[in-house]
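1. Got a predicted structure plus its sequence, pasted below:
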Amino acid sequence: MIQPKNIENLFRKYITEYVQCQICKRQNTELVKDEKMRLWTLQCRDCLCKRTVPTIKGSEKKYEDYEKELAENANS
Ligand SMILES: [Zn+2]
């Protein structure tokens with residue numbers, strides 16, 4: 001069983017990865033999908049910086065999978 005605290009931590013990671021701008025630290029951002037490149041770009045409406053984010057495999061993606069991916073990325 002997942003503890004509420006763990007969910008909160010994972011949710012924070014999700015926010016940092018997919019919502020928060022890494023430059024100005026605000027969350028006034030927009031996720032845009034590049035259909036050609038099959039990439040997601042996070043664009044900040046405040047400082048207008050852009051960065052690509054890891055592919056989102058459907059909105060119902062499980063937090064456990066996300067955690068696993070983070071671990072794999074850290075190892076590679
Ligand atoms: Zn920004």
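-> Good, I have the coordinates.
2. Could you name the helices and strands sitting against the longest helix seen in the chain?
-> For the chain, the helix with the greatest residue count under DSSP state H is helix 4-18. With contacts defined as 3 or more CB pairs under 8 Å, 6 or more residues apart in numbering; DSSP states H and E, the packing partners of helix 4-18 are helix 63-75. The way it works is simple: take the backbone N, C-alpha and C, and place the C-beta from them, glycine included.
3. Write out the residues of this protein neighbouring the ion.
-> Residues of the chain lying near the ion by CB under 5 Å from the ion: 21, 23-24, 44, 46-47.
4. Out of those, which end up buried?
-> Neighbour counting over the residues of the chain next to the ion (16 or more other CB atoms under 10 Å) leaves 21, 44 as the buried ones.
5. ok, of the residues of the chain next to the ion, which one's closest to Leu70?
-> Ranked by distance to Leu70 (CB to CB), the residues of the chain next to the ion are led by Cys21 at 19.3 Å.
6. Not counting sequence-adjacent ones, nearest residue to that closest one?
-> Spatial nearest neighbour of Cys21, excluding adjacent residues (CB to CB, 6 or more residues apart in numbering): Cys44 at 3.9 Å.
7. Now do the one you found, the pLDDT please.
-> Listed pLDDT for Cys44 reads 97.
8. and stretch 67-76, what's its mean pLDDT?
-> In this model, stretch 67-76 has an average pLDDT of 78.
9. got the contact list for it?
-> 10, 13, 54 (CB atoms under 8 Å, 6 or more residues apart in numbering).
10. top of those by neighbour count?
-> Within these, Leu10 tops the neighbour count with 17 neighbours, counted by other CB atoms under 10 Å.
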